[in-house]
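[1] what shape does this take:
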Amino acid sequence: MIERFYLKEYLSFKKAELEFTSGLIVFTGPSGSGKSILMRSLLASVGLDSVDASICESSVAWKIDEEGYGITNEAPNIFRHVKKEKASYFINNQRTSKSSMEAISSGHLRHLSLKDYSDFDSVALLGLLDERIFLEDKHHQKWLNEHKKIFSETKIFLNELKHIEEQEKKLTQLKEFAAYEIAKIDAIKPSIGEDEELQLIKKQLSKKEKITEAITTSEAIFAYESQVNNALSLLDIECGFFDDAMNELRNIFETSLEKMEQLEEVCVEDILNRIESLSELKRRYGGIEEALAYRDQKVKELESYETIEHSKTQLLKQIREHQSQLDELSSKLTLARTNTRSMTLKRLNSYLSMLYLRPATLELEVVETHPLGVDRVVLGLEGTKLEKLSSGEFNRLRLALLALRVESMEDSGGVLMLDEIDANLSGEESMSVAKVLRHLSTHYQIFVISHQPQLTSMGDQHFLIYKDDESRVRELNEEERIEEIARIISGESVSDEARGFARDLFERAQCV
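    This next block holds a predicted model:
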């Protein structure tokens, strides 16, 4: 529930601070006093509307998913919408996004104003039937959860089967392509580092004759080796360093000449062709390592293509087994829903009768398997399609469904906000709406704007919104409530007769 609300500087309001109880909370006041402004501000405080108030703040007794939103629960949790240059949103003084605040609030608060058909779609109506069955048959919840789980698994299997069947259509082409790619790389048989070695050989081949000629000419230096040793001896200089240098030089020349002789046996054209083949692989795949990795990938793909038939056979078996389980479970779900449909319709029509509406029809149809079974629920109102209902009829039908849902509730249903739900109704119709709202308020905290004395008299709390130089709001005591109900009955000039009728209406409402 919403425990406290604070508003600062929004349109005709400079400031408002209210404390709420549970139950039915009614807002009344003359036209133009600011009732809708206040309702919008309440919604904005929890992220469900956008207004230009300096501050909208609500203290709520809702539990937040701490792990999901990264916000620590407090008692109470404080939601705040602040508008300076731009809007900012906070929960317990921690900045958050409007979408996060809206997601949290939507799980606890419903704003029923426009023609929202979500209460009438098949999923919502199946939920209504299932909730009533849960009270009598604890197995139904287990069957429903199991059906959802198996349906989800079956959907995964079917997607895998679809993927396999798509692969099958082009399997021959895929296998031929993978084999072709493998054969193309195997024909070259590249090895890591081979291209660098070949480039070195190519470079040596291009300089072979020059290297041989240079070494042959330079070997003349060895003819003077003994003369240099003699000179160093005469100079009393140790000649070991010179001998080492000459030996190293002699070794370099000999090794190099051996390599040059080996190159005589190398076919230059073969080297160039090999380099070109490796270069083509590098251009295509980015490198020798990448080419070899690509080959390994294609080998694995080829292996997977070989096993695709086995995978398909296993999937088909799993799908058949799951479908058999779904058929069994959906039959149980359908039977239970069929058994409770008549009583549910009877209870719904009792509320509709109370609300001065025609009886409803509630039919179960068999459709394609979905997470909740094979059932679709179709709700109608005798003689009129839902989309042809007036706003008054639409809202009363939705109230009847909410009242029906309350019968199977164990916990609080959260907060409902209703905009002038009794507008344009007769006195009897308005009283019927008021009684149903009083019934709903045992499980919901309900905020409602009213222009009718019947609903106003039923409130657990009554706030008057009025305007002098600015819009103001205050909670009324018992006598003030009777005076406000009298004003609604007779207008600004309140008669004693209106006061008497208002008092009688108020006192009878307290006994309901």
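
[2] show me where the chain has its strands.
    Along the chain, the stretches classed as strands by DSSP state E are 2-10, 13-19, 24-28, 55-60, 77-83, 87-91, 94-96, 109-112, 360-370, 373-381, 414-418, 444-449, 461-467, 471-475.

[3] what residues sit buried inside stretch 191-211?
    195, 198, 201, 204, 208, 211 (16 or more other CB atoms under 10 Å). No exception for glycine: its C-beta is placed from N, CA and C like everyone else's.

[4] the fifth one touches residue 261, doesn't it?
    Right, the one you point to is residue 208. No. Contact status for residue 208 versus residue 261: not in contact, 10.0 Å apart, counting by CB atoms under 8 Å.

[5] re the thing from before, just the ones of the buried residues of stretch 191-211 in helices?
    195, 198, 201, 204, 208, 211 (DSSP state H).

[6] identify the farthest-apart pair in the residues you listed.
    195 and 211 (22.6 Å; CB to CB).

[7] the helix with the most length in the chain - what's its average pLDDT?
    Looking across the chain with DSSP H, the single longest helix is helix 308-354. Averaging pLDDT along helix 308-354 yields 92.

[8] and for stretch 50-67?
    On average, stretch 50-67 scores 92.

[9] quick one: buried residues of that stretch?
    51, 53, 55-60, 62, 64.

[10] list the buried residues of stretch 265-279.
    Residues 271, 274-275, 278 are the ones in stretch 265-279 that count as buried (16+ other CB under 10 Å).

[11] okay, now residue 334: neighbour count?
    Residue 334 is flanked by 15 other residues according to other CB atoms under 10 Å.

[12] residues making contact with the lowest-mean-pLDDT helix or strand in the chain?
    Every helix and strand of the chain was ranked by mean pLDDT, DSSP states H and E. The lowest is helix 194-206, at a mean of 78. Here helix 194-206 makes contact (CB atoms under 8 Å, 6 or more residues apart in numbering) with 211, 259, 263, 266, 268, 271-272, 274-275, 278-279, 282, 288.

[13] of these, closest to residue 133?
    So of the contacts of helix 194-206, ranked by how close each gets to residue 133 (CB to CB), first place is residue 288, at 67.6 Å.

[14] measure the closest one to residue 323 for me?
    Going from residue 288 to residue 323 by CB to CB, to the nearest Å gives 51 Å.

[15] neighbour count: the two, which is higher?
    Per other CB under 10 Å, whichever of residue 288 and residue 323 has more neighbours is residue 288, with 20 against 15.

[16] tell me if I'm right that the more buried one and residue 279 touch.
    No. Using CB under 8 Å, residue 288 is not in contact with residue 279; the gap is 10.3 Å.

[17] where does pLDDT dip in the stretch 51-200 of the chain?
    113-115 (pLDDT under 70).

[18] and if we set it to 90?
    51, 67-68, 84-86, 106-107, 110-120, 135-138, 160, 162-200 (pLDDT under 90).

[19] would you map the helices across it?
    With helices called from DSSP state H, counting those that start in this stretch, the stretch 51-200 of the chain shows them at 66-69, 98-106, 122-136, 138-169, 171-188, 194-206.

[20] out of those, which comes closest to residue 435?
    Ranked by CB to CB, the member of the helices of the stretch 51-200 of the chain that lies closest to residue 435 is helix 122-136, at 20.6 Å.

[21] now the closest one: buried residues?
    Neighbour-count burial for helix 122-136, counted by 16+ other CB under 10 Å, picks out 122, 125-126, 128-134.

[22] with distance to residue 71 added, can I get those in TSV?
    TSV is the format used below for those (distance: CB to CB, whole Å):
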residue	distance to residue 71
122	35
125	34
126	33
128	32
129	35
130	32
131	30
132	35
133	36
134	31
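
[23] ok, which pair from those is furthest apart?
    122 and 134 (18.2 Å).

[24] residue 133 versus residue 54, what's the distance?
    Remark: distance between residue 54 and residue 133 (CB to CB) = 50 Å.

[25] and residue 291, how many neighbours does it have?
    Counted with other CB under 10 Å, the neighbours of residue 291 add up to 21.

[26] doesn't residue 419 make contact with residue 36?
    Yes. If you go by CB under 8 Å, residue 36 and residue 419 touch, sitting 7.2 Å apart.

[27] residues that sit against both of those two, list them.
    Common neighbours of residue 36 and residue 419 (criterion: CB under 8 Å, 6+ apart): residue 449.

[28] could the buried residues of stretch 265-279 go into JSON lines alongside pLDDT and distance to residue 301?
    Converted to JSON lines, the buried residues of stretch 265-279 look like this (pLDDT from 0 to 100; distance: CB to CB, whole Å):
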{"residue": "271", "pLDDT": "76", "distance to residue 301": "34"}
{"residue": "274", "pLDDT": "80", "distance to residue 301": "28"}
{"residue": "275", "pLDDT": "79", "distance to residue 301": "30"}
{"residue": "278", "pLDDT": "84", "distance to residue 301": "24"}
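
[29] dump those residues into a markdown table; add distance to residue 80 as well.
    Shown next, in a markdown table, are the buried residues of stretch 265-279 (distance: CB to CB, whole Å):
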| residue | distance to residue 80 |
| --- | --- |
| 271 | 78 |
| 274 | 74 |
| 275 | 72 |
| 278 | 68 |
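
[30] nearest to residue 81, of the residues you listed?
    residue 278 (67.0 Å).

[31] roughly how far does the residue lying closest to that closest one once chain neighbours are set aside sit from residue 428?
    Leaving aside its sequence neighbours, residue 278 sits nearest to residue 195 (CB to CB, 6 or more residues apart in numbering; 4.5 Å). Distance, residue 195 to residue 428, using CB to CB: 95 Å.
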